[in-house]
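Chemist: return atomic coordinates for the entry below.
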Amino acid sequence: MDYRHMTAPCGLDCFNCFFYLATQGDPESLRITKTYHETMGVPEEIMRCNGCRAHEGQPPMHAVSMDREGPCPAYGCSTEKGLYFCCDCDDFPCDHLHPYADRADKVPHNTKVFNLCLIKRMGLEKWAQEKAGQVRQTYFYKWWTLT
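Modeler: Next up, the predicted model:
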């Protein structure tokens, strides 16, 4: 797995996303995309994604899920600055990484800054192999508490 290519500049782990995993034939991801198609009317081919970088910051579901046309601002900014990850920027963190409170239960965008901090501390490969999946599972499926 090319984790560098399959991790978005903002720190999203595209390699763990069911829109990507559906392109790899993952049965659970295919079931989820079929459900999206049936309940939301989104064509299944739009849900197939090969990661942010493969789509130049405009994954097929981006316009549907985020109600936004054009490339992701974080992708555009990092590309313009010649950076591979936002955490390598002197302005990190910035408003391009701002979480989406109204979509926190549906999209993993609130994990971006946390992931980028882990990438910086652990290194990309170790984060991708040991932590990224756990972060995603915790975000979507576990209750959190302040300690």
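Chemist: I figured Pro60 hits Cys49, correct?
Modeler: Yes: with contact defined as C-beta atoms under 8 Å, Pro60 reaches Cys49; the gap is 5.7 Å. Backbone N, C-alpha and C define where each C-beta goes, glycine included.
Chemist: more crowded one of these two?
Modeler: Taking other C-beta atoms under 10 Å, Pro60 and Cys49 do not tie; Cys49 has more neighbours (21 against 17).
Chemist: common neighbours of Pro60 and Cys49, please.
Modeler: Counting by C-beta atoms under 8 Å, 6 or more residues apart in numbering, the shared contacts of Pro60 and Cys49 are Phe19.
Chemist: count of residues packed around Lys81?
Modeler: Using other C-beta under 10 Å, the number of residues around Lys81 comes to 14.
Chemist: contacts only, for it.
Modeler: Taking C-beta under 8 Å, 6+ apart as the test, what Lys81 contacts is Cys89.
Chemist: roughly how far does it sit from Leu21?
Modeler: 30 Å (C-beta to C-beta, to the nearest Å).
Chemist: same check on Gly70?
Modeler: Gly70 is 26 Å from Leu21, by C-beta to C-beta.
Chemist: for the two, indicate the residue with more neighbours.
Modeler: Shown here are Gly70 and Leu21; by other C-beta under 10 Å, Leu21 has more neighbours (19 against 11).
Chemist: and that one, helix, strand or coil?
Modeler: Here Leu21 takes the helix state, with states given by DSSP: H, G, I helix; E, B strand; the rest coil.
Chemist: that one and Phe15, how far apart?
Modeler: 8 Å.
Chemist: and what of Leu97?
Modeler: 19 Å.
Chemist: same question, Pro43
Modeler: Counting by C-beta to C-beta, the gap from Pro43 to Phe15 is 23 Å.
Chemist: and those two? Which one has more around it.
Modeler: Phe15 (18 against 12).
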